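**Student:** no letters, just coordinates:
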């Protein structure tokens, strides 16, 4: 496939990832391997992927705001905690060897997909939100470690954020998603800065991917897509398993 065809395919994968991130989470499980398969070194693929995540976060925040759900100070505090962690995680990703990164990514891909399939379903509609006192500080500490993971590899971080917000703070799924995109936006600034400083970003691929990510995320955020969740899980299981095997074998 020629360069133009690859760029078009990258945009399509970005679009699919944007939709997946909105209705299920885990879109980076597709975009990271795609960037690696296009010839980028693992660290560069990891850095390049952040451009798509960053711009998608902006469109998602705008989408929530258009529905009357504005960014909160609670989400901002969590984002700052995650930002500090992301600086550590991104630096670890820069320093690690490419072959080791591929094997870690392969393992994480399988673990995250299994978690997506078997994660506990938590109903918080009738529970009182817990965003102050000890629960606030537990969340601050939790999001510091989430930030380390997000800065390191990003893949599946949205799932862990939603799990933390619903199980610790009893936020509704809608509010949790609104907080999630704000947190990702804030900590991605730090991760992007680290990768850019070390020149680990391919900006052409990054902005092509971002176009797809943002388009998919915006469209999915405007539609109430619920029936597609099961289909997305099946698609992810097949694609991620195949990509994980290839990453492991090629390392």
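**Tutor:** Thanks, I have the structure now. Just so it is clear, the model here is predicted, and its values are computed rather than measured. Residues are numbered from 1 along each chain as shown.

**Student:** pLDDT averaged over the one helix or strand residue 151 maps to - what is it?
**Tutor:** Here residue 151 sits within helix 134-152, counting by DSSP states H and E. Helix 134-152 shows a mean pLDDT of 94.

**Student:** so what touches that helix?
**Tutor:** By CB atoms under 8 Å, 6 or more residues apart in numbering, the residues outside helix 134-152 that reach it are 74, 77-79, 81-93, 131, 157, 160-161, 164-165, 168-169, 183-184, 187-188, 190-191, 194. Quick note: C-beta positions are derived from backbone N, CA and C, even for glycine.

**Student:** and those residues, which of them are in helices?
**Tutor:** Using DSSP state H, the subset of these located in helices is 74, 77-79, 81-93, 157, 160-161, 164-165, 168, 183-184, 187-188, 190-191, 194.

**Student:** which of the residues you listed are buried, as a ChimeraX select command?
**Tutor:** Selection of the buried residues among those in ChimeraX, burial being defined by 16 or more other CB atoms under 10 Å:
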select :74,77,78,79,81,82,83,85,86,87,88,89,90,91,93,157,160,161,164,165,168,183,184,187,188,190,191,194
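
**Student:** got the buried residues for the helix or strand containing residue 64?
**Tutor:** Element membership for residue 64, per DSSP H and E: helix 42-66. For helix 42-66, the neighbour count (16+ other CB under 10 Å) marks 42-57, 59-61, 63-64 as buried.

**Student:** stretch 133-152 too?
**Tutor:** Those buried within stretch 133-152 under the rule 16+ other CB under 10 Å are 139, 142, 143, 144, 145, 146, 147, 148, 149, 150, 151, 152.

**Student:** so what's the first one closest to, chain neighbours aside?
**Tutor:** Closest residue to residue 139 apart from its sequence neighbours, by CB to CB, 6 or more residues apart in numbering: residue 168 at 5.5 Å.

**Student:** test my guess that that neighbour contacts residue 133.
**Tutor:** No - the pair residue 168 / residue 133 is not scored as a contact, 11.9 Å apart, by CB atoms under 8 Å.

**Student:** and the helix holding residue 64 with helix 134-152, angle?
**Tutor:** Relative orientation of helix 42-66 versus helix 134-152 (axes from the mean of the first three to the mean of the last three CA atoms, to 10 degrees): 140 degrees.

**Student:** which pLDDT value goes with the residue nearest to residue 139?
**Tutor:** The predicted local confidence for residue 168 is 89.

**Student:** can you tell me how far it sits from residue 85?
**Tutor:** Going from residue 168 to residue 85 by CB to CB, to the nearest Å gives 16 Å.

**Student:** ok, now residue 152?
**Tutor:** 9 Å.

**Student:** residue 148 too?
**Tutor:** Residue 148 is 4 Å from residue 85, by CB to CB.

**Student:** so for stretch 128-141, first residue to last residue, what's the gap.
**Tutor:** End-to-end distance for stretch 128-141: 21 Å, by CA to CA, to the nearest Å.

**Student:** tell me how far it lies from the chain's centre.
**Tutor:** Relative to its chain's centre, stretch 128-141 lies at 23 Å (CA atoms, centre = their mean, to the nearest Å).

**Student:** same check on stretch 12-22?
**Tutor:** From the chain centre to the centre of stretch 12-22 is a distance of 11 Å (CA atoms, centre = their mean).

**Student:** buried ones in that stretch?
**Tutor:** 13, 14, 15, 16, 17, 18, 19, 20, 21, 22.

**Student:** from the residues you listed, which has minimum pLDDT?
**Tutor:** residue 22 (70).

**Student:** which residue, other than its chain neighbours, is closest to it?
**Tutor:** Among residues not flanking residue 22 along the chain, residue 220 sits closest, at 3.7 Å (CB to CB, 6+ apart).

**Student:** ok, now residue 28?
**Tutor:** residue 155 (4.1 Å).
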